[in-house]
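A.B. asks: Just to be clear, the model below is a prediction. Sequence and coordinates:
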Amino acid sequence: MTTADIVRLAVQLSRELPQQDVRRLAIAVREGSLGLQKFVASTAGVAVRDACRRLMAAELTGQDCDLVAGALLGALEVDPQIAAIDVVWTGPDSGLATSRLTSAVVVDLIDQATVDVLLVGYAVHTEPTVAAALRRAADRNVDITLLLERHTDNEKFSGAGAAFPGLVAQRLSWPADERPAGAALHAKVLVVDERRALIGSANVTGAALERNLECGLLLTGGPVPGGIRNHVRHLVWRGVLRKLS
């Protein structure tokens, strides 16, 4: 694993586990494989045991172990109370000062990503500016996850084809056999690095991003962005959401 991969893994683990477990894991990893093995044997938590196994599988060197421990503890310190909640609009100008248009915010958020991007959407088209931002993120080795509605799973959904063809991304579905009758994947959420989240009414379509009257909230900092990402992650673990690629 490269140094970037090691740091990415440590930051991801710090977001998945309770703070007290992150601190205990940091102590264990400083002792290398032996420390992780002892930690596995001493804990009943499935997520903690899985974290230990993932670190052991990485075959960390002594220097890597110190790096992981530092990254684990450092990631805990960058989870302040919510620093800002901004309103993001699309549509007619009221004459009052407002945040930027939804389209600009979506592209800006993706361009800021260093670790991962989660995009959840109902009607998602391959909008050129969004597609270009996602390709730039993929070129930076950002992990991209797409959870999008499909006609296969919802016969009332009229979208055609998979959005962003050719994009290197993990694609998820909410399969029909895991849904209540008539249910739709209707959430519209963008989460970046588990630190910023845009939640609103806008689909990723030209009309929604540029012309419709749409409103969303942009959350920066705090536990909510990471909580959204972990909710999706746990739905995958439970088999409610299914990996397509």
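C.D. replies: The structure has been received and is ready for your questions.

A.B. asks: From now on I want contacts and neighbour counts done on CA atoms only, so please keep to that.
C.D. replies: Will do.

A.B. asks: Next, count neighbours for residue 57.
C.D. replies: Neighbours of residue 57 under the rule other CA atoms under 10 Å: 10.

A.B. asks: my bad, should have said residue 26
C.D. replies: 23.

A.B. asks: For it, give its distance to residue 57.
C.D. replies: From residue 26 over to residue 57 the distance is 16 Å, taken as CA to CA, to the nearest Å.

A.B. asks: Likewise for residue 73?
C.D. replies: 21 Å.

A.B. asks: ok so residue 74 is a helix residue?
C.D. replies: Yes - under DSSP: H, G, I helix; E, B strand; the rest coil, residue 74 sits within a helix.

A.B. asks: any idea how far residue 26 is from it?
C.D. replies: 10 Å.

A.B. asks: next one: residue 47
C.D. replies: From residue 47 over to residue 26 the distance is 15 Å, taken as CA to CA.

A.B. asks: go on, residue 134?
C.D. replies: Taken as CA to CA, the span from residue 134 to residue 26 is 33 Å.

A.B. asks: How are the helices of the chain distributed by residue range?
C.D. replies: 3-16, 19-29, 32-42, 46-57, 62-76, 102-112, 128-139, 206, 224-237 (DSSP state H).

A.B. asks: now the ones you listed as a markdown table including mean pLDDT and distance to residue 88?
C.D. replies: A markdown table is the format used below for the helices of the chain (pLDDT from 0 to 100; distance: least, CA to CA, whole Å):
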| stretch | mean pLDDT | distance to residue 88 |
| --- | --- | --- |
| helix 3-16 | 80 | 26 |
| helix 19-29 | 82 | 32 |
| helix 32-42 | 82 | 45 |
| helix 46-57 | 83 | 36 |
| helix 62-76 | 83 | 28 |
| helix 102-112 | 90 | 6 |
| helix 128-139 | 96 | 17 |
| helix 206 | 87 | 16 |
| helix 224-237 | 92 | 16 |
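
A.B. asks: what's the closest of those to residue 182?
C.D. replies: Residue 182 lies closest, by CA to CA, to one member of the helices of the chain: helix 224-237, at 19.3 Å.

A.B. asks: in the closest one, what's buried?
C.D. replies: For helix 224-237, a neighbour-count test (16 or more other CA atoms under 10 Å) marks 224, 225, 226, 228, 229, 230, 232, 236 as buried.

A.B. asks: Can I get those in JSON lines including distance to residue 147?
C.D. replies: Shown next, in JSON lines, are these (distance: CA to CA, whole Å):
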{"residue": "224", "distance to residue 147": "18"}
{"residue": "225", "distance to residue 147": "16"}
{"residue": "226", "distance to residue 147": "16"}
{"residue": "228", "distance to residue 147": "13"}
{"residue": "229", "distance to residue 147": "11"}
{"residue": "230", "distance to residue 147": "14"}
{"residue": "232", "distance to residue 147": "9"}
{"residue": "236", "distance to residue 147": "11"}
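
A.B. asks: Identify the residues contacting the nearest residue to residue 227 once chain neighbours are set aside.
C.D. replies: Excluding the flanking residues, the one nearest residue 227 by CA to CA, 6 or more residues apart in numbering is residue 194, at 7.9 Å. Residue 194 is in contact with 116, 225, 226, 227, 229, counting by CA atoms under 8 Å, 6 or more residues apart in numbering.
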